[in-house]
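> dropping a prediction and its sequence here:
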Amino acid sequence: MGLGLFDNKINEYVQDLTSGHWYTDDDGMLYIVPSDENGIAGIEGPDDTVVMAELNAIYRDLPFKLTCPFHVAKRLGLTVIADTFKRFNTEDGNYTA
């Protein structure tokens, strides 16, 4: 199942967020770094946070495929979300883990 940016004209997902790196912090905030398979997309998460700035810096310096989410999580004090816990809540339109 795909989650992410959907193009109604071609009837397919153009950016599948489930294939990205998902993190959560101690406050339950979710950060989603999309895979760069279809070009670079913005990181999803709370705006104007130190964590968001750090994630942007890390993923700007290294290609997505070479970035180990577990090293990023350890460096920033985050938890990696396993693929089986990645969800999209259709009731409120938000991603959840």
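Structure's in. What do you need? Numbers count the residues shown, from 1 in each chain.
> how many neighbours does the closest residue to F64 other than its chain neighbours have?
Spatial nearest neighbour of F64, excluding adjacent residues (CB to CB, 6 or more residues apart in numbering): D36 at 4.2 Å. For glycine as for every other residue, the C-beta is placed from the backbone atoms N, C-alpha and C. Other residues within reach of D36, judged by other CB atoms under 10 Å, total 15.
> next: R75.
The burial count for R75: 10, using other CB under 10 Å.
> with M52 instead?
17.
> which ones are touching it?
Neighbouring residues of M52 by CB atoms under 8 Å, 6 or more residues apart in numbering: 31, 43, 45-46.
> per-residue pLDDT, H21?
With respect to pLDDT, H21 scores 93.
> just to check, it is in contact with P69?
Yes: contact criterion CB atoms under 8 Å: H21 and P69 qualify, at 4.2 Å.
> which of these two has more neighbours?
Applying other CB under 10 Å to H21 and P69 shows that H21 carries more neighbours, namely 22 against 16.
> the more buried one: what's it in contact with?
32-33, 64, 67, 69, 72, 80 are the contacts of H21 under CB under 8 Å, 6+ apart.
> of the residues you listed, closest to F88?
Lowest distance from F88 to the contacts of H21 (CB to CB) belongs to I32, with 10.7 Å.
> gap between the most centrally placed residue in the chain and K86?
Residue closest to the average C-alpha location in the chain (CA atoms, centre = their mean): I32, at 1.6 Å. Applying CB to CB, to the nearest Å, one obtains 9 Å for the distance of I32 from K86.
> thinking again about what came up before, surely the residue nearest to F64 is in contact with R60?
No: contact criterion CB under 8 Å: D36 and R60 do not qualify, at 11.0 Å.
> now do the end-to-end distance for stretch 87-97.
Taking CA to CA, to the nearest Å, the first and last residues of stretch 87-97 lie 6 Å apart.
> one step back: so which of the contacts of M52 are in helices?
Using DSSP state H, no member of the contacts of M52 sits in helices.
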